[in-house]
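Enquirer: The following block contains a protein sequence and its predicted model.
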Amino acid sequence: MSGLLPLFMDTISRENNSMLPVAAVILGGVALLLGGYAVISLSKANKAIEAHETKLARVEAVESAANSAAAAADKAARDVQGLTRSTQDAVTQLANELSSQRTSLTKLEDAAKKPVVADKGGKKSGEPAVAGANEYIVKAGDTGTKISKATGASVSDIEAVNPGLDWRKLKVGQKLKLPAKK
């Protein structure tokens, strides 16, 4: 091509003494070079756009995953709140039931603390038991030795008139027979 340019220029200059055709050829060459540069730049720009589109697609995928995770987290938070409410309701019900049971247990303990009272017909009444002749009513903290000292009868004599007596299982209000005094 470089060999044709001088020939072309020589032909142009013989036919026309004007510099206009030469300038047009030079401008055409510059335009051709600028067009080539523009094509190369456009190719680079297209590659950059493709790379950005790939990155944009990844960002959109991450955004979608983040939105899904946020929705799942919101649902989990609502579920936790629901479980918290139901757990609190269950604990409240349990506390109420325990309170009721405690009240019942307290009543039973109070009833057990009251001394057993028997009237002449063997039925319970509101008055404390009274020992008859040759009887002893067990009090809180009584042991065989304490009863023996209080009554003046030996432990073995008390056991003899109360067969099957277990000193470890004495109950408050229990009646024990006492041996006849000599």
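Expert: Cool, the structure landed.
Enquirer: just for this structure, where's the confidence low?
Expert: The chain contains residues with pLDDT under 70 at 1-17, 113-132, 182.
Enquirer: all helices for it, in order.
Expert: Secondary structure of the chain (DSSP state H): helices at 4-15, 20-113, 144-151, 155-161.
Enquirer: Measure how far the third one is from the centre of its chain, please.
Expert: Centroid separation between helix 144-151 and its chain, computed with Cα atoms, centre = their mean, to the nearest Å, is 60 Å.
Enquirer: Quick one: residues in contact with it.
Expert: Residues from elsewhere that reach helix 144-151 (Cβ atoms under 8 Å, 6 or more residues apart in numbering): 136, 138, 154, 155, 158, 159, 167, 176, 178. Any C-beta I mention is one placed from the backbone N, CA and C, and that applies to glycine too.
Enquirer: at 6 Å what do you get?
Expert: Contacting residues not belonging to helix 144-151 are listed as 136, 154, 155, 167, 178 [Cβ atoms under 6 Å, 6 or more residues apart in numbering].
Enquirer: In ChimeraX, how would I select the buried members of those residues?
Expert: The ChimeraX selection below is limited to those of those classed as buried (16 or more other Cβ atoms under 10 Å):
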select :136,178
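Enquirer: List the ones among the contacts of helix 144-151 that fall in strands.
Expert: residue 136 (DSSP state E).
Enquirer: picking that back up, point out the one among the helices of the chain that comes closest to residue 171.
Expert: helix 20-113 (9.6 Å; Cβ to Cβ).
Enquirer: Distance from that closest one to the middle of the chain?
Expert: Mean C-alpha position of helix 20-113 versus that of the full chain (Cα atoms, centre = their mean) differs by 24 Å.
Enquirer: ok, back up a step: looking at the contacts of helix 144-151, spot the one nearest residue 25.
Expert: After measuring those against residue 25 - Cβ to Cβ - the closest member comes out as residue 167, at 137.2 Å.
Enquirer: Find the residue closest to the closest one in space, skipping its chain neighbours.
Expert: residue 144 (4.6 Å; Cβ to Cβ, 6 or more residues apart in numbering).
Enquirer: before we move on, the earlier item: so of the contacts of helix 144-151, which two are at opposite extremes in space?
Expert: The span of these, defined through Cβ to Cβ, is set by 167 and 178 at 15.1 Å.
Enquirer: what's around residue 159, how many residues?
Expert: Using other Cβ atoms under 10 Å, residue 159 has 15 neighbouring residues.
Enquirer: Please tell me how far the residue nearest to it when sequence neighbours are not counted sits from residue 89.
Expert: Excluding its sequence neighbours, the residue lying closest to residue 159 (Cβ to Cβ, 6+ apart) is residue 165, at 5.6 Å. Applying Cβ to Cβ, to the nearest Å, the value for residue 165 to residue 89 is 53 Å.
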